[in-house]
Each structure stands twice: as structure tokens, then as C-alpha cells.
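> Got a predicted structure here, sequence first:
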Amino acid sequence: MDEETATSVVQFENVGVRYGTGPEVLSDITFELPDSSFHFVTGPSGAGKSSLLKLMYLALRPSRGLISLFGRNAAGIERDELPMIRRQIGVVFQNFRLIDHLSTFDNVALPLRVAGAAESMIQKHVGELLRWVGLADHLEAKPPTLSGGQQQRVAIARAVIGRPRLLLADEPTGNVDDQIAVRLLYLFEELNRMGTTVVIATHNEFLVKRFGHAQLHLEDGRLHARPPAKKTQS
Amino acid sequence: MAERNDLPLSEDASTRLMPWIVGVMAYLAAIALAAALMLSNVAAEWSRGLEGTLTVQVPIPEADTAEQTDARIVAAVRILLKTPGIVSARPIPLAEVATMLEPWLGAGAKMSDLPLPRVIDVRMEEGARLDLTALSHKLNETVPGASIEDHEQWRSTLIVLFRSMEVVAFIVIVLIGTVAFSAIVFTIRSVLAVHQEIVEVLHLIGAQNAYIAEQFQKHAFRVTLKGSLGGTAFAFLTILGILFLTRDLEASLLPASALAYWHWLVLALLPIAESYGAMVTARITILRALRRMF
């Protein structure tokens, strides 16, 4: 699709963020994510990657600047509208934020349940997805009994189960070896092919090179857009 | 197995005690309500039982012969029956008076030895208003010393007693309700604080406040139903026990059927009413708290 005419899913204009009266953790951030694009957010730890994602899933309000989401000014979104907008955003949190007392299955089913999906549909899709991410044998397991890598896959499954328009992942491959990381990236690419805009914060250079998508590179709270890394051969 | 809930409410220390607390409150509420209903019933029976009756006392001088005594009573009865509004006037036989006085005087007391006045039981037409002063005056012309007792004084004192006990019972019910309400509100708030992380995740994946409130209200309903069923059952046992132990007293002092069947029904429906009350309280509390939080 021609990127000039594509509608933008996310648009930032001179966005700045500070916590309390501290210094700005993000300054003068301006970028645009076209529909169905795939971006890596890279940069050293503490460069503001997580804050950038939080702004996109509306858990953080900018102290200045303008953010548009799905063509709407984020500042103008009413509280009552938030749930409907968040159902179009899948988030893989850095520390997963799984619900410990619910089984793997119920954790992944949660976005569908809060959206009021039919239980038959939930049974079908959740089972299928969990098989795909290799957790078919752990449907009833509680997150605390799973390994870090398994928890991460549950978190990813929960983020993608609702076929979101925008997928935000904060270090989604931090706890798995490169082989599983590649498999998970394929899952994201598959979603991306079906129209989901994907943003992945990572400092796994191997993945960035291997998949070669456009980069939003953060350093000291400032954005340096980078062209797609040259794809390496697998 | 318990129903799936997105919040681990049944595992919380703060909510694990709730069925017991609710049980105690439900017990107290049921007892207080039963007392209120019973007192209201008793007061109504008292006023109904004594309304429309008069007692006429005819003093009998010691010098009287039996014939003179009878003549006095017959004269009094005749005057009474001639008065418009009076339906019947029945002289109470001495034997009956003896039975009534037995608890105080002992069996076999010789009535003829006592200067007892003779008593005439008078029944009036329903709603009849008699000029008691005029009637008393008229009676005294023929039967000197005759007096009329319309029970008004004694009745109104008893009714005041019962009604004030009834009011106290209702105040107790209101207090229990207030305490229960506050307990629910504070428990919900603390539970919400404990599970803020989960609530936040639910919000981030697109849950509406109503969805989150539903998790809490389902739990509040179940916990209250459990506790109040237990508490109300114990209250039933207590009331039945009291009624059983006082069954002899009932005949003479308390009017029969102190609790009507619909009273029992009201008491039996308490747990359901309480559970719905708890559910609505939980929902309102949680929605208000969520609106403040985010």
C-alpha cells in the first residue's frame, strides 16, 4: 500500500513527557505509523521505550504535544470511550501482567470475555491460539507455575487474541531463546499481514536485523528514525 | 467449584470472614424484625380484644341478702341493656370470678367471705360511643356505688409500651442495616485497593467499569446469601425455641398466634432481600470508586 495515502494509526506531534516536576523523559517526539506498518522501537534501557508504548495504549498522558490514535485526538477521548478503543489495541506488557489466579486459558480468553464474546467462540479461538504458541499442554496451568518464556507466550496470546488493529509489545522476546523469539515474531508478522499495525520495543539486535522492519530509535528521550535494517539471511 | 471470577475475591483474608459477619448481622436483623412484628401483633390484638367492652362493677354491701344482691344485678343489667349501643350485659358468675382470681388467692378460697364486687361484662356495638358519665349517673340512681371501667387507661398504657418496644426494634434493624452497609463499603474499598493491579489490567484490555463491578457484585451476592441463610436459619430456631418455652404464658398474657404466617414468610425472604441489598451496595460502591480511580 502506498504509505502516502494510508491512514495513520498513530501520530505523534512534538510530544513531551515528564513525570512530576522531573526532567522530560521523552522530548519532541514526532512520528507517524501508517496502517499495517511494522516498527521496532529500539534504544538503550531507560531511553523511554516503555513510556512511548504507554502513551500509545493511553496509560500515560503527554505533558505536551499532540497524540492521535486511529485518527482521533487522544486528549479528546472520553473515559467512557476508553474500553472500546483499548479493545482495538493489544498490549504485551514488559512484566506480562498476567492474572495469577486464572488459568492460562482464562488469561488469554479475558479480552474476549470483557468484550462479551460468545463462550463457544472463545473455546475455539483460545484453544487454537494456545496450540499455535505451544502451550496446548498448559491450558489449565496458573501463570506462577509456568516458566518465564511460557508466561511470555501467554501474554502475547492475550494481546493478539482479539485481532487488534494496533499491537504494542514491550520486550516480548526478552525471556525466550532466539528460536522461540523468531517463532513469535512470525506470529506478529502474520498478524501484520492481516492488517494489524505492530510496534515492538526490543533491544534484541538479532531480531531487528533478521526481520528488518523500520526502527524508531530512542536515545536520551529523543527519537531518531532509522531506515529498516538490512535483512540478514536465516 | 466456585464460579470463575477475574478477581481472586474468595481467597482474600478480608472477604473470607464476610459470611460470618453477614451471618451474625442477618441473625440479629431477623430477631429484631421478628420482635417488631410480634410486638406490633400483640399491641393490635390487645386493642382489638378490649375495644368495645366495658366492665361494670356493682359493690355489694355486707348486709345484703342473696335476693337483694340478685336484685341489684338484675337492675343494673336492665339499665345497661336499655342503653342504645349496648349489645349484651352478662353478670359474671362468682365461680368464674373465683377461677380468675385463683392465681392470686389460691384454690378453694371462699368467695362468700370476701367483700367482692360483682362484675358485669358489657359488649357494645362496633364503633358505638357511649356517654359514660351519663350512664354512670343513671346506674348510680338505682344501684348506688356502681362504677364503669372502660379499660381505656390500662389499654393505652399497654399499647404505648408495645409500640415503643416496636420502635426500638425498628431502630435496631436500621442500625444493623447501617453497620452492614458500611461493612460492605469498606470491604469493597479495601479489596479494590488490594487488587488494583488486576483492575488496571482489566481496564487496559478493554473492560468496562460495569464488567469489573459485576465481578464484585456477583461475589457480594454469593457471600451475603451464604451468610444470611445461616444467620436467618439460626434466628428461626431461636424464635421457635422462645415460642416453645413460652407456650403456656401465651394463652393468658400474649394473644395466640404471635406471628402470622405472612410474618414467617417475610422472615424467610430476608436472606434474598439482604443479598440483593449487598449486591446493589457493592455495585454502587465499586462504580464510584472506579470512577475516582481512573
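Received it, and whenever you're ready, just let me know what you need. Quantities reported herein were computed from a predicted structural model and do not represent experimental measurements. Numbering: from 1, shown residues only, chains lettered A, B, ... in the order given.

> Every contact and neighbour count from this point should use C-alpha atoms.
Fine.

> lowest average confidence, helix or strand, in chain A?
In chain A, no helix or strand scores lower on mean pLDDT, DSSP states H and E than strand A:222-226, which sits at a mean of 84.

> contacting residues for A:Ile200?
A:39-41, A:168-172 (Cα atoms under 8 Å, 6 or more residues apart in numbering or on different chains).

> just to revisit the earlier point, packing partners for the least confident helix or strand of chain A?
Helices and strands touching strand A:222-226, by 3 or more Cα pairs under 8 Å, 6 or more residues apart in numbering or on different chains; DSSP states H and E, are strand A:24-34, strand A:214-219.

> quick one: B:Gly145 is in a helix?
No: read with DSSP: H, G, I helix; E, B strand; the rest coil, B:Gly145 is coil and lies in no helix.

> Just give me the neighbour total for B:Glu141.
Per other Cα atoms under 10 Å in any protein chain shown, the neighbour tally for B:Glu141 reads 10.

> let me redo that: B:Glu274
22.

> Relative to the whole chain's centre, how far out is the host helix or strand of it?
Counting by DSSP states H and E, the element that carries B:Glu274 is helix B:261-293. Taking Cα atoms, centre = their mean, to the nearest Å, one finds the center of helix B:261-293 at 24 Å from the center of the full chain.

> quick one: is that helix near chain A?
No: shown here: helix B:261-293 not in contact with chain A (Cα under 8 Å from any Cα of the partner chain), separated by at least 9.0 Å.

> which helices and strands does that helix pack with?
In terms of contacts (3+ Cα pairs under 8 Å, 6+ apart), helix B:261-293 is packed against helix B:18-50, helix B:152-194, helix B:209-245.

> could you give the angle of the least confident helix or strand of chain A to strand A:24-34?
30 degrees (axes from the mean of the first three to the mean of the last three Cα atoms, to 10 degrees).

> Show me which residues of the stretch 51-200 of chain B sit near chain A.
B:Ile198.

> Flag the shaky bits of the stretch 51-200 of chain B, pLDDT-wise.
B:107-114 (pLDDT under 70).

> what about the helices in the stretch 1-150 of chain B?
Applying DSSP state H, counting those that start in this stretch to the stretch 1-150 of chain B gives helices spanning B:13-16, B:18-50, B:66-82, B:94-105, B:132-142.

> actually chain A, sorry about that
Ranges of helices within chain A are A:49-56, A:82-86, A:104-114, A:119-132, A:148-160, A:178-193, A:205-211, based on DSSP state H.

> JSON lines please, covering those and showing distance to chain B.
Below are the helices of chain A laid out as JSON lines (distance: least, Cα to the nearest Cα, whole Å):
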{"stretch": "helix A:49-56", "distance to chain B": "10"}
{"stretch": "helix A:82-86", "distance to chain B": "4"}
{"stretch": "helix A:104-114", "distance to chain B": "5"}
{"stretch": "helix A:119-132", "distance to chain B": "13"}
{"stretch": "helix A:148-160", "distance to chain B": "8"}
{"stretch": "helix A:178-193", "distance to chain B": "18"}
{"stretch": "helix A:205-211", "distance to chain B": "27"}
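
> Turn the ones you listed into TSV, columns for mean pLDDT, mean neighbour count and distance to B:Met38.
Putting those into TSV (pLDDT from 0 to 100; neighbours: other Cα atoms under 10 Å in any protein chain shown; distance: least, Cα to Cα, whole Å) gives the following:
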stretch	mean pLDDT	mean neighbour count	distance to B:Met38
helix A:49-56	94	21	63
helix A:82-86	93	19	53
helix A:104-114	95	24	49
helix A:119-132	93	15	51
helix A:148-160	91	24	59
helix A:178-193	87	16	70
helix A:205-211	89	17	79
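
> ok so, going back, nearest to A:Glu13 among the helices of the stretch 1-150 of chain B would be which one?
Closest to A:Glu13 of the helices of the stretch 1-150 of chain B, according to Cα to Cα: helix B:13-16, at 47.0 Å.

> ok, and for that closest one, which residues are buried?
By neighbour count on 16 or more other Cα atoms under 10 Å in any protein chain shown, the buried set for helix B:13-16 is B:Thr15.

> Now do it: which elements does it pack against?
Secondary-structure packing of helix B:13-16 (3+ Cα pairs under 8 Å, 6+ apart): helix B:152-194.

> same thing but at 10 Å, please
Here helix B:13-16 touches helix B:152-194, helix B:209-245, going by 3 or more Cα pairs under 10 Å, 6 or more residues apart in numbering or on different chains; DSSP states H and E.

> Mean neighbour count and distance to A:Arg131 for the ones you listed - can I get that in TSV?
TSV is the format used below for the helices and strands packed on helix B:13-16 (neighbours: other Cα atoms under 10 Å in any protein chain shown; distance: least, Cα to Cα, whole Å):
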stretch	mean neighbour count	distance to A:Arg131
helix B:152-194	16	33
helix B:209-245	19	28
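
> Make TSV from those helices and add distance to A:Leu135 to it.
Below are the helices and strands packed on helix B:13-16 laid out as TSV (distance: least, Cα to Cα, whole Å):
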stretch	distance to A:Leu135
helix B:152-194	30
helix B:209-245	27
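
> From the contacts of A:Ile200, which land in strands?
Per DSSP state E, strands hold the following members of the contacts of A:Ile200: A:39-41, A:168-170.

> what's the closest of those to chain B?
Checking those against chain B with Cα to the nearest Cα, the nearest one is A:Leu168 at 12.0 Å.
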